[in-house]
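# Sharing a model that was predicted from the sequence below.
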Amino acid sequence: MTQQTSAMATPEAEDRGTVDLRSDTVTRPTPQMYDRIASASLGDDGLDGDPTALELEAEAARLLGKEAAMYAPSATMANLLAILAQAGRQEVVLAEAASHIYVTERGAGALTGAFYQPIAGVDGAMDLGLLAQALEPGRNKLRTGLVCLETSHNNAGGAVLPLAHMQVVFEAAKGAGATVHLDGARMMNAAVALGVPAAEITAFADTVSLCLSKGLSAPMGAVLAGPASTIQRARWHRKLLGGSQRQVGIAAAAGLVAITTMVGRLADDHACARRLAHGIGRLPGLSVNEPQTNIVQVDVSATGFDAARWEAELRKLGVLVRTWGRNRLRCVTHRHTGEREIDVALDAFRVVAGRGDGTPAG
Ligand SMILES: Cc1ncc(COP(=O)(O)O)c(C=O)c1O
């Protein structure tokens, strides 16, 4: 297939044959995104601005209820820019212990010069007593510059932080003179699950990152939103990191379609996650979380197969999942996994569950 025809084919057509539950990052652009890209007005974003990027940034600021927003090449970079813009060298960044910023991104401490400190939590929500202790003046002999939240929470199986929890964390941080960053890579999933406008969630954070390339289906990119002065500092850091791109309107055009047309349908992904979880939960030896959004975690420890074996067996049946530790799988629903694909996946889980001998894994 040539690149041209590949771009024109619908993602659903390309998907036939495999059910890819590895991540919502596998979603491909919609036909409307390709159209918007083709007609986008372009400029030099590193020189005097790209009109389509400016349009995305204005729309994202409005959606997220913030003064300003900035395009970033990835959610990882948006989080890094939030930290660089708000936490100084030798300051402490507090983050829930299982959060993406702590588990996967804290190596960026080598660049930021900040110290990442984990706060243990349950379902993605920090223990408030431990947070209060960490924020006590003089506790670290270092100033805490930033507190990071994450919703929906990837490692907590897509759990959504209760707004009351976010409010307590925000007020505690403010009381200690720290700012709050929300890793909102999947925050539109959280907004849909809570049935509230995004701005009701972001009210409890100074800055927020939103990934355009997960359930929202843009091919790349993220946005960082917050106060204009913070976003201005983040722009400067983006330039330093080489993250300022030229005719970035190509990516921003898809991002605009993502935030203006793709939010409502996330409810379908959540319904499919529930269908998948309920089906798997009925199979012998398997237990699952009750999904609040689009992530299903499957505990395979009582099946006789470890997660790697499950992943390999499911792959042979055309169902792709990811191992999430020794005895756990992660399945993520998205635009290319409708009810039909979920039923195919359930059949595969049923077949593999029948092959295990049911002994507990070591
Ligand atoms: C909660 C969260 N934040 C940030 C990221 C980083 O996204 P990316 O790898 O697209 O930069 C991810 C990726 O899965 C994530 O789950």
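That came through, no problem.
# residues contacting Gly175?
Leu135 (Cβ atoms under 8 Å, 6 or more residues apart in numbering). C-betas here are computed from N, CA, C, even on glycine.
# cool, Val288 as well?
Contacts of Val288 (Cβ under 8 Å, 6+ apart): Ala277, Ile280, Gly281, Val296, Gln297, Val298, Asp299.
# most neighbours, which of those residues?
The most crowded member of the contacts of Val288 is Val296, carrying 30 neighbours; neighbours defined as other Cβ atoms under 10 Å.
# ok so that one is a helix residue?
No - Val296 is assigned strand when assessed by DSSP: H, G, I helix; E, B strand; the rest coil, not a helix.
# hang on, Thr52 packs against Ser39?
No - Thr52 is beyond contact range of Ser39, at 9.6 Å (criterion: Cβ atoms under 8 Å).
# so what sits against both of those two?
Counting by Cβ under 8 Å, 6+ apart, the common neighbours of Thr52 and Ser39 are Ala253.
# neighbour-wise, which of these two wins?
Neighbours per residue, other Cβ under 10 Å: of Thr52 and Ser39, the larger number sits with Thr52, 27 against 8.
# What does that one show for phi and psi?
The phi/psi pair for Thr52 (degrees, to the nearest 10) reads phi -70, psi -40.
# give the contact list for it.
Counting by Cβ under 8 Å, 6+ apart, Thr52 makes contact with Ala40, Ser41, Leu42, Val248, Gly249, Ile250, Ala252, Ala253, Leu256.
# By neighbour count, which of the residues you listed wins?
Neighbour counts for those peak at Ala252, which has 32 neighbours (criterion: other Cβ under 10 Å).
# what's the distance between that one and the ligand?
16 Å (Cβ to the nearest ligand atom, to the nearest Å).
# And Leu240, by the same measure?
For Leu240, the distance to the ligand - Cβ to the nearest ligand atom - is 18 Å.
# What of Glu290?
Relative to the ligand, and taking Cβ to the nearest ligand atom, Glu290 is found at 20 Å.
# mind checking which helix or strand the closest residue to that residue other than its chain neighbours is in?
Sequence neighbours aside, Ala277 is the residue nearest to Glu290 in space, at 6.6 Å (criterion: Cβ to Cβ, 6 or more residues apart in numbering). Assigned by DSSP states H and E, Ala277 falls within helix 266-281.
# Give me the pLDDT value at the closest residue to Val160 other than its chain neighbours.
What sits nearest to Val160 in space, not counting adjacent residues and going by Cβ to Cβ, 6+ apart, is Ala190, at 4.5 Å. Confidence at Ala190, expressed as pLDDT, is 98.
# swap in the one 10 residues further on?
The score at Glu200 is 98. That number is its pLDDT.
# Ok, Gly138 next?
pLDDT, Gly138: 78.
# With distance to Val332 added, can I get the contacts of Val288 in JSON lines?
Shown next, in JSON lines, are the contacts of Val288 (distance: Cβ to Cβ, whole Å):
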{"residue": "Ala277", "distance to Val332": "12"}
{"residue": "Ile280", "distance to Val332": "14"}
{"residue": "Gly281", "distance to Val332": "17"}
{"residue": "Val296", "distance to Val332": "8"}
{"residue": "Gln297", "distance to Val332": "10"}
{"residue": "Val298", "distance to Val332": "12"}
{"residue": "Asp299", "distance to Val332": "16"}
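# in a strand, that's where Arg315 is, yeah?
No - counting by three-state DSSP, Arg315 is not found in a strand; it is helix.
# Name the single longest strand found in this structure.
What stands out as the longest strand in the chain, according to DSSP state E, is strand 144-150.
# helices or strands up against that one?
Applying 3 or more Cβ pairs under 8 Å, 6 or more residues apart in numbering; DSSP states H and E, we find strand 144-150 packed against helix 75-86, strand 92-96, helix 100-103, helix 128-135, helix 163-175, strand 179-183.
# try it again with 6 Å
Judged by 3 or more Cβ pairs under 6 Å, 6 or more residues apart in numbering; DSSP states H and E, the packing partners of strand 144-150 are strand 92-96, strand 179-183.
# Show me what from the stretch 51-200 of the chain comes close to the ligand.
Along the stretch 51-200 of the chain, the residues adjacent to the ligand under the rule Cβ under 6 Å from any ligand atom are Ser74, Ala75, Thr76, His100, Glu150, Asn154, Asp183, Ala185.
# which pair in the residues you listed spans the largest distance?
Ser74 and Glu150 (15.8 Å; Cβ to Cβ).
# then stretch 307-315 to CSV, C-alphas only?
What follows is stretch 307-315 as a C-alpha-only set of coordinates in CSV (Å, rounded to 0.1, in the frame of the first residue of the first chain):
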residue,chain,number,x,y,z
ALA,A,307,1.3,-11.6,32.1
ALA,A,308,4.0,-12.2,29.4
ARG,A,309,2.4,-15.6,28.6
TRP,A,310,-1.0,-14.0,28.4
GLU,A,311,0.2,-11.3,26.1
ALA,A,312,1.9,-13.8,23.8
GLU,A,313,-1.2,-16.1,23.7
LEU,A,314,-3.6,-13.3,23.0
ARG,A,315,-1.3,-11.9,20.3
